[in-house]
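Q: Need a 3D model of the sequence below.
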Amino acid sequence: MDNDTLIVSEKDQKAYLPYKYDDIEKFYQDNKDKYISVQDVINKDYIVPLNRFKHAVSSRFIETINLVLHKEKKSILKALDLAFELMFQYNLNPIIIAACRSLEELDIYIDCLEEDELFDFRCFKIKFEVTPKIYTQKKPKFA
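A: Now for the predicted structure:
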């Protein structure tokens, strides 16, 4: 079954990346020596710890390189060029780059981000599961 939602779970300290089942199945068939099952591919490649994105600048660089080289099969020069361009785009979460299946998806997301119209991004849903913060109210001090 396809997963069309990027879930960033603070509680689990994991990001669950979106995927198309057919893509996972094909990847598994081509790499049976590395994986036990399709679920193993999902567990190892599509469920990632949040600490992988701890340092945003370097994470944007690395995730862009991974997208261009491994998903798009483009040259190292193209990968480096785009990685240096996106490295310091502070409003771009590196988890989004990791979730994109293609450069086209990333371009669409960046366009929506720049236009402040993220509601127009339809490639996949994005859900942040944030643990609530508990605030305690201090009692006023009287003299």
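Q: all contacts plus neighbour counts: C-alpha atoms, from now on.
A: Fine.
Q: Assign a three-state SS to residue 128, would you?
A: At residue 128 the chain is in strand, as set by DSSP: H, G, I helix; E, B strand; the rest coil.
Q: Now for the closest residue to it other than its chain neighbours, how many residues are close by?
A: For residue 128, ignoring the flanking residues on the chain, the nearest one in space by Cα to Cα, 6 or more residues apart in numbering is residue 8 at 4.8 Å. Counted by other Cα atoms under 10 Å, the residues lying close to residue 8 total 23.
Q: Residue 25 contacts residue 40, correct?
A: No. Residue 25 lies out of contact with residue 40 (Cα atoms under 8 Å); the separation is 10.9 Å.
Q: residues in contact with the helix or strand the residue nearest to residue 128 falls within?
A: Assigned by DSSP states H and E, residue 8 falls within strand 5-9. Strand 5-9 is contacted from outside by 14-18, 50, 99, 124-130, using Cα atoms under 8 Å, 6 or more residues apart in numbering.
Q: and if you look at stretch 28-43?
A: So stretch 28-43 is in contact with 24, 25, going by Cα under 8 Å, 6+ apart.
Q: what is the rounded mean pLDDT of that stretch?
A: Stretch 28-43 shows a mean pLDDT of 95.
Q: gap between the two ends of it?
A: In stretch 28-43, first residue to last residue: 12 Å (Cα to Cα, to the nearest Å).
Q: Would you pull up how far it lies from the middle of the chain?
A: In terms of Cα atoms, centre = their mean, to the nearest Å, the centre of stretch 28-43 is set 20 Å apart from its chain centre.
Q: And for stretch 20-27?
A: Relative to the chain's own centre, stretch 20-27 is displaced by 18 Å; criterion: Cα atoms, centre = their mean.
Q: Next, the buried residues of it.
A: The neighbour-count check on stretch 20-27 (16 or more other Cα atoms under 10 Å) flags 24, 25 as buried.
Q: Please check the contacts of strand 5-9 and keep the buried ones.
A: Buried among the contacts of strand 5-9 by 16+ other Cα under 10 Å: 14, 15, 16, 17, 18, 50, 99, 124, 126.
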